[in-house]
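Trainee: Generate coordinates for the sequence data below:
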Amino acid sequence: MKNSKKLALLIFLIAIFATNLKAQNMKFYKEKWNSVDTAQSKGLPKTALKTVNEIYEQAKKDKNTEQQIKSFIYTLKFKNMMEENAFERLTHELDSVVKTTSFPENAIMNSMLADMYLWYYQNNRWKFHNRTNTVDFENNDMQTWTLDKLVEKIIFHYNESVKEAEKLQGISIKKYPELITKGSKSKKLRPTLYDFLAHKAIDFFMSSELAVSKPAESYELKEEFYFADVSEYVKKNINTKDSLSIHFHASRLLQELLKFRLTKPEEKKALIDADLKRIQFSYNQSVLENKNELYLNALQKLENKYIDIPFSAEITYKIAKYFSNQAASYNPEDKETEKYKNYRKKAHELCVNTIKKYPKQNASEFCKQLKIQIETRTIKVTTEKTVIPGSTFSSKLEYHNFNKAYIRVSKINKSKYAKIANKNYGKKFYDKILTSSDKIYQFTHDLPNDNNFNKHSVEFLIDSLPFGFYIIFVADNENFSYNKAMTSYTPVNVSNIAYAKQTLENGDIQFWVVNRKNGEPLTGVLCEPWYEKYSYSKSKYVKRNGKSARTKSDGIFIIEANKESESWNINFTLGSDFLTTESSTYTYSREKEYPNSVTTRFYTDRAIYRPGQTIYYKGIMLQSRRDSVKILSDYSTDVQFYDVNSQKISEQKVKTNEYGTFSGTFDIPQGLMNGTFQIITTTGSINIQVEEYKRPKFE
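Mentor: Numbers count the residues shown, from 1 in each chain. Got it, this is the predicted structure:
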């Protein structure tokens with residue numbers, strides 16, 4: 001009896017000692033990880049890595065696999081920051097370690113390894129293009145793998161992570177709090193380690209990111225059973241010869257996960273969550289023409305099955321989202337889209353009911369966002385850029401969820417408008433043009449609205465206006481404020497002037513200036529060409545004027561092209577009538593002696609230069625005549641040197657020798673913006689890079 005009491009006391013003391021030891025070790029880990037976080041926040045990866053190594057060594061002594069895995073993750077993180085090719089080396093190391101690690105840690109490590117291979121592809125995808133597959137060749141260097149090889153590894157390790165499914169299904173996810181970051185969703189959605197790892201694998205398999213080579217019989221979701229009730233879906237035989245199809249592996253693993261979930265009817269949230277993922281995946285990847293109907297029908301059946309469970313709000317949100325997305329297909333001018341007319345309204349009703357019925361569910365938060373999106377008010381006004389004076393004209397108003405619009409017509413000087421636009425943008429620009437323009441008149445317009453949350457459009461008439469530049473403002477309030485309100489505006493010219501333009505063979509630009517109403521040529525129109533050029537002294541673009549002239553009886557005005565190419569705008573003035581070209585016109589001179597037959601090929605002594613260095617260039621000129629090409633000797637041309645802002649730095653006259661070549665030098669000025677400079681003639685050009693760089697040093 002005494003011996004049994006002593007034995008019980010000994011067991012009790014051992015238990016207390018073990019508990020204290022565990023508590024001490026947990027305190028050790030907590031303090032050390034706090035030190036790691038502190039070093040990381042201070043930007044000290046070496047210090048952090050040293051502490052991580054201490055944790056790893058202690059975890060090995062304690063046989064604490066969870067802490068070992070966490071240490072490995074942080075080691076990878078910090079070494080990847082400090083060492084070249086550390087990621088590849090540590091990935092290979094983990095690939096070796098996982099083969100000797102026991103269950104269940106090997107399942108977690110396989111999932112980690114798949115994640116690492118996937119991350120490597122995502123950050124190095126440019127390396128994998130156009131690589132060919134090798135046969136009967138053992139290659140352990142992941143830097144030389146092909147895409148197919150990498151995808152094979154990712155698929156293999158994700159599948160390995162859930163290979164021992166039955167054992168994983170018996171392990172609670174609560175055993176690994178250090179490795180799993182908790183989200184906002186219910187804890188009951190991933191109750192076991194199998195759920196956690198399976199969902200991670202499925203999330204990858206569901207993606208469409210990897211484009212690997214496909215066999216003739218590639219895997220496709222082309223049967224309706226993918227949308228069937230879960231009890232029917234899990235019984236289907238899914239096979240393919242397309243072993244690299246990630247979508248096949250998604251379907252297969254979804255089946256296995258749902259089979260397991262059906263054996264746990266008490267954990268309905270996890271079942272619904274997995275089944276929703278299956279239905280959504282089937283909808284995204286199905287090639288069936290009627291997949292919309294199948295998808296909606298599957299969701300509605302699932303909702304009816306679990307309508308009394310608060311978590312069913314997740315299903316309702318999916319249905320609401322479907323209706324909202326499909327509503328974009330509605331076109332009031334197309335009778336075939338009539339069925340989508342009330343889809344936004346249906347989505348809105350589902351969101352309102354879900355928010356009211358299950359306010360504490362995560363889905364209710366998504367419903368609130370969707371509800372706001374559906375209720376969002378938009379307004380946009382458009383009109384012709386130029387209208388005829390003395391005539392009424394229409395403007396188009398597109399709107400969402402409006403009943404009444406306030407419309408104002410204001411006048412502003414065109415040059416004043418341009419100055420405001422150069423110095424302001426966004427709300428500040430709107431405020432400036434609203435307060436700087438003179439109101440001509442204002443009125444309201446009632447808008448038809450059938451409360452179906454669809455986009456509508458109407459046209460309204462603007463009274464005739466005299467010559468000038470105007471702005472039409474539209475808002476949902478009489479103050480035309482955008483604070484907690486909606487506004488829109490559009491500028492409009494009122495002018496009788498219209499024009500057409502043509503580039504002539506020699507590079508000149510010819511304008512025909514005509515009456516906008518009847519198309520007859522306008523005589524005596526003052527045409528003032530101008531362009532903007534960057535001024536280094538003023539650090540801004542300044543306006544430069546060209547040679548102005550008046551149109552004659554034919555209404556023609558010509559801008560003569562010169563050797564210095566420019567983008568021209570034209571101001572047309574006839575009495576009080578004024579119009580500016582809507583876009584600039586690029587001019588450049590064309591050599592008449594050898595039209596479209598001469599080409600110049602440039603060569604430089606290097607491809608990249610430093611500021612202040614000298615560029616040594618050589619050119620050869622070739623002349624094409626029908627089917628023959630010959631060198632162009634004894635021919636003079638101008639060679640120009642331009643900076644990154646297309647501003648000319650210098651110019652040289654050159655003449656080809658008997659071999660059709662010429663050569664010269666340009667000095668790169670100090671203090672200019674680095675980037676792509678150009679050496680050009682009228683018949684050819686070459687780009688060179690000017691950068692601040694250092695030559696690499698070797699020991």
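Trainee: so where's the stretch 51-200 of the chain shaky on pLDDT?
Mentor: 80, 83-86, 125-142, 144, 178-187 (pLDDT under 70).
Trainee: would you list every one of the helices in it?
Mentor: Taking DSSP state H, counting those that start in this stretch as the criterion, the stretch 51-200 of the chain carries its helices at 65-82, 86-97, 105-124, 147-161, 165-169, 193-205.
Trainee: any residues touching the fifth one, and which ones?
Mentor: If I follow you right, that is helix 165-169. Helix 165-169 has contacts (Cβ atoms under 8 Å, 6 or more residues apart in numbering) with 103-104, 107, 162, 192-194, 197-198, 256, 260. Using the backbone N, CA and C atoms, a C-beta is placed for each residue, glycine as well.
Trainee: who's in contact with the longest strand seen in the chain?
Mentor: When the chain is parsed with DSSP state E, its longest strand is strand 614-625. Residues outside strand 614-625 that contact it (Cβ under 8 Å, 6+ apart): 594, 597-605, 609, 629-632, 635, 637, 639, 641, 654, 656, 659-668, 679, 681, 683-684, 686, 688.
Trainee: quick revisit: out of the contacts of helix 165-169, which end up buried?
Mentor: Listed as buried from the contacts of helix 165-169 are 104, 107, 162, 192-194, 197-198, 260; burial here means 16 or more other Cβ atoms under 10 Å.
Trainee: In a markdown table: these, plus distance to Gln623.
Mentor: A markdown table is the format used below for those (distance: Cβ to Cβ, whole Å):
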| residue | distance to Gln623 |
| --- | --- |
| Pro104 | 78 |
| Ala107 | 73 |
| Val162 | 71 |
| Thr192 | 79 |
| Leu193 | 77 |
| Tyr194 | 76 |
| Leu197 | 71 |
| Ala198 | 71 |
| Phe260 | 78 |
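Trainee: contacting residues for Ala201?
Mentor: Each residue near Ala201 by Cβ under 8 Å, 6+ apart is listed here: 111, 114, 158-159, 161-162, 249, 253.
Trainee: Which of the contacts of strand 614-625 fall within strands?
Mentor: 598-604, 609, 629-631, 637, 639, 641, 654, 661-667, 679, 681, 684, 686, 688.
Trainee: what about the closest residue to Ala114 other than its chain neighbours, distance to Leu44?
Mentor: Leaving out its chain neighbours, the residue that sits closest to Ala114 by Cβ to Cβ, 6 or more residues apart in numbering is His157, at 3.8 Å. Distance, His157 to Leu44, using Cβ to Cβ, to the nearest Å: 33 Å.
Trainee: neighbour count winner among the two?
Mentor: Remark: of His157 and Leu44, His157 carries more neighbours, 23 against 15, as counted by other Cβ atoms under 10 Å.
Trainee: That one contacts Tyr117, doesn't it?
Mentor: Yes. If you go by Cβ atoms under 8 Å, His157 and Tyr117 touch, sitting 6.9 Å apart.
Trainee: Check whether Phe443 really touches Lys404, as I assumed.
Mentor: No. In this structure Phe443 lies outside contact range of Lys404 using Cβ under 8 Å: 11.3 Å.
Trainee: Between these two, which contacts overlap?
Mentor: Joint contacts of Phe443 and Lys404 (Cβ under 8 Å, 6+ apart) do not exist.
Trainee: Look up how far Tyr226 lies from Leu504.
Mentor: Distance from Leu504 to Tyr226, by Cβ to Cβ: 64 Å.
Trainee: Looking only at neighbour counts, state which of those two leads.
Mentor: Set side by side, Leu504 and Tyr226 show more neighbours around Tyr226, with 24 against 14, by other Cβ under 10 Å.
Trainee: start to end distance for stretch 283-294?
Mentor: 8 Å (Cα to Cα, to the nearest Å).
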